[in-house]
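Asks: Pasting the sequence and the predicted coordinates here, then a few questions.
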Amino acid sequence: MTAVVANAPGKLFLAGEYVVLRGAPALVAAIDRRVVVRFDPEADGLTTESIAEERESTVGSPADVRDTGDVGAVLATARAIGVTHGRVVVDSRAFLSGGRKLGLGRSAATITAAAAAFLAANDERGKSLVRSAALTANADFQGGHGSGADVAAAVHGGVVEVRRAEQDLVVASAELPAGLELVVGWTGEAAPTVPLLERFATAETSPTLSDLGTVTEGAIEAAHGGDADAFCQAVRDAAVVLAGLGEELGLPIVTPELTRLVEIAQERGVAAKPSGAGAGDCAIAFARGADEAEALRAAWSAAGFLPLPVAITAEGVTVV
């Protein structure tokens with residue numbers, strides 16, 4: 001068998017954080033930051049090299065070892081597919097800034113790319129196969145937490161509507177209403193996702209969570225209908241409801257930095273909200289054209305935040 005190279009995109013939640021874990025849909029976009037995984041099956045043991053982490057690990061059996069970061073993501077994928085030997089090189093540097101994670105779906109992209117590479121090395125291809133294996137690995141890596149929506153974006157690319165369905169996902173393509181440009185700002189704070197999801201898992205259903213589901217349904221309906229005004233209003237509403245959910249559940253979903261990113265956008269008439277589990281990472285905004293987007297990036301920079309040059313990509317996981 002010859003070496004295989006695969007790559008997969010990161011993601012941003014456009015709508016549906018947290019409520020997707022309770023059966024509601026979410027809207028997720030694949031972005032043009034990609035993890036590249038090279039797999040050479042002709043090697044003894046299973047060795048994983050992470051370029052971003054400047055780390056290498058060799059294990060006799062992935063079933064016996066749990067780890068974090070790129071190495072942990074690869075080992076979880078190897079367990080899901082039954083890979084026991086080979087050399088894996090992971091390049092996830094596009095998902096870091098100064099060694100800190102940006103919150104762009106690095107682990108799901110790594111798992112998806114690794115799954116595609118492992119399967120292709122065995123002459124198994126197809127997005128449904130990759131998605132199934134990646135979902136299993138992602139659940140293993142996150143201790144059973146997480147929706148898998150980030151995996152769906154990494155596998156399929158573009159903007160997708162995602163709903164959980166037992167051990168799989170129902171995935172449908174979607175797109176932003178015409179005239180909107182995604183703008184992304186980083187707080188400067190890296191936030192670990194799994195601890196938040198663990199705490200959320202023990203929370204009871206709340207009125208605020210129900211409100212968030214209603215807002216999310218509105219955003220998805222507006223996206224499918226191409227209604228930019230309704231979509232932007234749903235984004236504004238989601239920012240408010242997410243903050244209320246955090247207060248109600250005692251979770252630091254919307255930090256002062258995320259609040260300020262959203263405020264700066266809204267002071268300029270641009271709809272914005274936190275993206276993902278919160279407690280740091282990114283906020284997203286939807287500008288009406290390139291000039292408005294560039295003005296917002298400049299305002300975020302002036303306030304000490306880092307605008308991220310990312311865009312939605314139609315290309316999902318790829319084996320080259």
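Replies: Okay, I see it.

Asks: so residue 269 is in which element?
Replies: In this assignment (DSSP states H and E), residue 269 forms part of neither any helix nor any strand.

Asks: To what extent is it buried, counted in neighbours?
Replies: Other residues lying near residue 269 total 11 when counted by other CB atoms under 10 Å. C-betas here are computed from N, CA, C, even on glycine.

Asks: and what of residue 6?
Replies: 25.

Asks: That one pairs with what?
Replies: Listed by DSSP bridges, the beta-bridge partners for residue 6 are residue 37, residue 319.

Asks: how much space between it and residue 50?
Replies: Residue 6 sits 16 Å away from residue 50, taking CB to CB, to the nearest Å as the criterion.

Asks: same check, this time on residue 254
Replies: 31 Å.

Asks: okay, and for this structure, where does confidence drop off?
Replies: 1, 167, 193, 203-205, 280 (pLDDT under 70).

Asks: Give me the most central residue, it.
Replies: residue 105 (3.2 Å; CA atoms, centre = their mean).

Asks: Next, the contact list for that one, please.
Replies: Residue 105 makes contacts with 9-12, 31, 95, 150, 153-154, as judged by CB atoms under 8 Å, 6 or more residues apart in numbering.

Asks: Also residue 11?
Replies: Counting by CB under 8 Å, 6+ apart, residue 11 touches 28-31, 104-105, 108-109, 149-150, 153-154.

Asks: now it, which residues is it bridged with?
Replies: Applying DSSP bridges, one finds that residue 11 bridges with residue 30.

Asks: now the helices: where do they sit in the protein?
Replies: 69-81, 106-121, 127-141, 149-156, 193-201, 207-225, 228-249, 256-267, 290-302 (DSSP state H).

Asks: what does the fifth one rub up against?
Replies: Going back to what we said before, that points to helix 193-201. Contacts of helix 193-201 (CB under 8 Å, 6+ apart): 18, 21, 103, 142-143, 145-146, 249-253, 276-279.

Asks: quick one: contacts for the residue located most distally from the centre of the chain?
Replies: Largest separation from the mean C-alpha position in the chain: residue 44, at 32.6 Å (CA atoms, centre = their mean). Residues near residue 44 by CB under 8 Å, 6+ apart: residue 85.

Asks: what's the distance between it and residue 29?
Replies: For residue 44, the distance to residue 29 - CB to CB - is 40 Å.

Asks: Same question for residue 210.
Replies: In this view, residue 210 and residue 29 are 25 Å apart by CB to CB.

Asks: for residue 114, same thing?
Replies: Counting by CB to CB, the gap from residue 114 to residue 29 is 22 Å.

Asks: Those two - which one has more neighbours?
Replies: Per other CB under 10 Å, whichever of residue 114 and residue 29 has more neighbours is residue 114, with 32 against 26.

Asks: Ignoring the adjacent residues along the chain, who's closest to the more buried one?
Replies: residue 77 (4.1 Å; CB to CB, 6 or more residues apart in numbering).

Asks: Cool, thanks, signing off.
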